[in-house]
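Undergrad: pasting the structure only:
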């Protein structure tokens, strides 16, 4: 589901865009704002994937809004809504990172074409972010495993072509060893998910071998760590 914000000072304009969005084949969570000031406050406090905004509005117009939020949330896709007399404004908006602009009155076919383009870009960006996240998780595990096995930070950074180890791992206060009396290798991912869902402190994790794992904690509170240890015992 993608979160969409529709900004227009005319209710009929907001209703029209919301109607077209609901008629599409995509799953959207739609919010409306009656001007740029309300929209900016909403964007500051909420995630927005796709922004539809009119140009001429009171308080903060569409150009001002785009200029602010394009820097605040550069990953957000923006479609500007403009009348024929607003074309010069629309060209200015395009230079600020607007993905598309639609002329009023909105043509449903043009709307659907622009919408499909934006959703494809969002999907591509989402996949790329997921790929990078997985790569970073694997890289973090590699770094932790190397450190545990006695490699120096300088040696690891040389292996990583100069990437900073500290960009991937934090400053840990405690390490906890978990040892099983059976081979749990095939269940390791389920086990990690159970830990993340059940213990109250963030941690990093590596699997040492078929029967042992290490948890790395940035928390230094003894009572909290003892509580986590009891939670883990109950899980295993």
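TA: Everything's here; your move. Owing to the predicted nature of the structure, the values given are computational and were not obtained by experimental measurement.
Undergrad: Which strand or helix spans residue 118?
TA: For residue 118, the enclosing helix or strand under DSSP states H and E is helix 108-148.
Undergrad: for that helix, packing partners?
TA: Helix 108-148 sits against helix 11-23, strand 77-82, strand 100-103, helix 153-159, strand 203-207, strand 212-217, with contacts defined as 3 or more C-beta pairs under 8 Å, 6 or more residues apart in numbering; DSSP states H and E. (Each C-beta comes from the backbone N, C-alpha and C, glycine too.)
Undergrad: Any regions of this structure where pLDDT drops low?
TA: Counting by pLDDT under 70, the chain shows low-confidence ranges at 84-87, 89-91, 93-94, 182-189, 236.
Undergrad: nearest residue to residue 227 other than its sequence neighbours?
TA: residue 200 (7.3 Å; C-beta to C-beta, 6 or more residues apart in numbering).
Undergrad: is it true that that neighbour touches residue 225?
TA: No - if you go by C-beta atoms under 8 Å, residue 200 and residue 225 don't touch, sitting 10.6 Å apart.
Undergrad: So for the two, which residue has more residues nearby?
TA: Taking neighbours as other C-beta atoms under 10 Å, residue 200 and residue 225 compare with residue 225 leading, 16 against 9.
Undergrad: and that one, what does it touch?
TA: By C-beta atoms under 8 Å, 6 or more residues apart in numbering, the residues touching residue 225 are 174, 176, 201, 217, 219.
Undergrad: ok now stretch 62-75, how far from the chain's centre?
TA: The chain centre lies 17 Å from the centre of stretch 62-75; the measure is C-alpha atoms, centre = their mean, to the nearest Å.
Undergrad: Over to stretch 102-113?
TA: With C-alpha atoms, centre = their mean, you get 29 Å for stretch 102-113.
Undergrad: Ok, stretch 74-82 next?
TA: The mean C-alpha position of stretch 74-82 is separated from the chain mean by 17 Å, C-alpha atoms, centre = their mean.
Undergrad: do the same with stretch 161-177
TA: 22 Å.
Undergrad: buried stuff in it?
TA: By neighbour count on 16 or more other C-beta atoms under 10 Å, the buried set for stretch 161-177 is 165, 168-169, 172, 174.
Undergrad: Out of the residues you listed, list just those in helices.
TA: Assignment to helices by DSSP state H places none of these there.
Undergrad: List just the nearest of these to residue 41.
TA: residue 168 (34.9 Å; C-beta to C-beta).
Undergrad: Spell out which residues sit in contact with the closest one, please.
TA: 136, 139-140, 143 are the contacts of residue 168 under C-beta under 8 Å, 6+ apart.
Undergrad: Please pick the buried ones from those residues.
TA: Buried among the contacts of residue 168 (16+ other C-beta under 10 Å): 139-140, 143.
Undergrad: Tabulate those (TSV), appending distance to residue 61.
TA: Shown next, in TSV, are those (distance: C-beta to C-beta, whole Å):
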residue	distance to residue 61
139	44
140	44
143	48
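Undergrad: Show me which of those is closest to residue 113.
TA: Closest to residue 113, out of all of the buried ones among the contacts of residue 168 and judged by C-beta to C-beta, is residue 139, at 39.2 Å.
Undergrad: Quick check: most distant residue from the centroid of this structure.
TA: residue 181 (38.5 Å; C-alpha atoms, centre = their mean).
Undergrad: Give me the subset of the contacts of residue 225 lying in strands.
TA: Taking DSSP state E, the ones among the contacts of residue 225 that sit in strands are 174, 176, 217.
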